[in-house]
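In: Could you look at this predicted model? Sequence included:
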Amino acid sequence: MKNVTLRQLRIFESVARHLSFSRAAEELHLTQPAVSMQVKQLEEAAGLPLTEQMGKRIHLTAAGEVLAHHATLIARQLEDAAEALAALRGTRGGRLTLGVVSTAKYFAPRLLAAFRRQAPEAELRLQVHNREVIIELLAGNRIDLAIMGRPPQDFPTVAQRFARHPFVFIAAPDHPRVKARRLAPAGLQGETFLIREAGSGTRATFERFVAEHELEPGRILDMGSNETIKQAVMAGMGIAFISAHTVGLELAVGRLVRLPVAGTPVMRDWFVVHRAEKRLLPLAEAFCAFLVEHGEAMIDMA
């Protein structure tokens, strides 16, 4: 494959990631015939078919999966080289890819916007996913840093605490529990709880609270997002245990009410995390330092 070009690998990497010639063409600002031609030339150089079509869907062959893996590694190495060169210009330039768990999306843009004023030439990328996907991206070195509540345990990381993370119980304004001036955890016995999915940081914190206070929920309804939980609580489907960072607006305008449950808010921490073996470039190091110095105050302002 000595005649393979970086352009061909870049195009094939996009096709493999999207499993679509048209979406790859759109991403790379090329025509679909141009993408198809480059992949065909790559197949000729490889001597094996790289894709196959079944019905309307594109699939990778075994050879395609192998080449896609190496094309992804090459693309990341080129990005690392570009970032390393940009780092020589100092912390004002370069690129930083930040992944945040979905609960952090309520304040992460504020943090990035403030940091950009210190590094106006930097290219800042933000990816928002659930915890499972963020850990996968971190493990695959596809993001530089992650903001999350619990650092992963599956591989070595460096985690710096930069802010406190409060969790509270919320209900609709007409819920009977709202009238109480103070609620013991036992006062929630038998309630229906709307909670994030298993594996999320919110779910783990809720389960610890339930175990510590020997609380027996009536029902637990899994919800895939904080926005869904808030709408369901407003509709009277039950009460929720949720990050206080996600409900500031709704509490302020009276769409939701925080329940005065003893032992709340339950305080956890926010961490900025990277792989232990990853060599952070100056831009990433500067962002970590920025979070440690200013993150908590800025989140409290949100």
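Out: Perfect, thanks for sending it.
In: switch to C-alpha atoms for all contacts and neighbour counts from now on
Out: Fine.
In: Least confident secondary structure element in the chain?
Out: helix 62-87 (a mean of 84; mean pLDDT, DSSP states H and E).
In: list the helices and strands the very next helix or strand once past it packs on?
Out: On the C-terminal side of helix 62-87, the closest following helix or strand by DSSP states H and E is strand 95-101. In this structure, strand 95-101 makes packing contacts with strand 123-129, helix 131-139, strand 145-148, helix 282-301, judged by 3 or more C-alpha pairs under 8 Å, 6 or more residues apart in numbering; DSSP states H and E.
In: so how far is strand 95-101 from its chain's centroid?
Out: Mean C-alpha position of strand 95-101 versus that of the full chain (C-alpha atoms, centre = their mean, to the nearest Å) differs by 8 Å.
In: And that strand, what's buried?
Out: 95-96, 98-101 (16 or more other C-alpha atoms under 10 Å).
In: follow-up on the earlier one: what is the least confident helix or strand of the chain packed up against?
Out: Here helix 62-87 touches helix 6-18, going by 3+ C-alpha pairs under 8 Å, 6+ apart.
In: continuing past the helix it packs on, what's the next helix or strand?
Out: By DSSP H and E, the next helix or strand past helix 6-18 is helix 21-28.
In: how far off helix 6-18 does that next one point, in degrees?
Out: 120 degrees (axes from the mean of the first three to the mean of the last three C-alpha atoms, to 10 degrees).
In: What's the separation between the nearest residue to residue 200 once chain neighbours are set aside and residue 45?
Out: In space, and not counting its chain neighbours, residue 200 is closest to residue 131: 5.9 Å by C-alpha to C-alpha, 6 or more residues apart in numbering. Going from residue 131 to residue 45 by C-alpha to C-alpha, to the nearest Å gives 40 Å.
In: Between the two, which is the more surrounded one?
Out: residue 131 (24 against 13; other C-alpha atoms under 10 Å).
In: Might you report the residue contacts of that one?
Out: 101-102, 148, 199-201 (C-alpha atoms under 8 Å, 6 or more residues apart in numbering).
In: Same check on residue 137?
Out: 99, 143.
In: where's it relative to residue 275, distance?
Out: For residue 137 relative to residue 275 (C-alpha to C-alpha), the value is 11 Å.
In: How about residue 175?
Out: When residue 175 is compared with residue 275 (using C-alpha to C-alpha), they lie 45 Å apart.
In: What of residue 122?
Out: 22 Å.
In: can you check residue 7 too?
Out: Distance from residue 7 to residue 275, by C-alpha to C-alpha: 29 Å.
In: And residue 68, by the same measure?
Out: For residue 68, the distance to residue 275 - C-alpha to C-alpha - is 23 Å.
In: And for residue 298?
Out: 25 Å.
In: Spit out the contact partners of residue 142.
Out: residue 76.
In: In terms of helices and strands, where is it?
Out: Counting by DSSP H and E, residue 142 is found in no helix or strand.
In: Over to it: give its phi and psi.
Out: phi -100, psi 0 (degrees, to the nearest 10).
In: for residue 195, same thing?
Out: phi -140, psi 150.
In: Can you tell me the closest non-neighbouring residue to it?
Out: residue 222 (5.2 Å).
In: Equivalent analysis for residue 53, please.
Out: residue 59 (6.1 Å).
In: Name the residues linked to that neighbour by a beta bridge.
Out: Beta-bridge partners for residue 59, by DSSP bridges, are residue 52.
In: if I pick residue 159, what's in contact with it?
Out: 151, 271-274 are the contacts of residue 159 under C-alpha under 8 Å, 6+ apart.
In: If we use 10 Å, what do you get?
Out: Taking C-alpha atoms under 10 Å, 6 or more residues apart in numbering, we find residue 159 in contact with 145-148, 150-152, 270-276, 288.
In: And residue 254, by the same measure?
Out: 172-173 are the contacts of residue 254 under C-alpha under 10 Å, 6+ apart.
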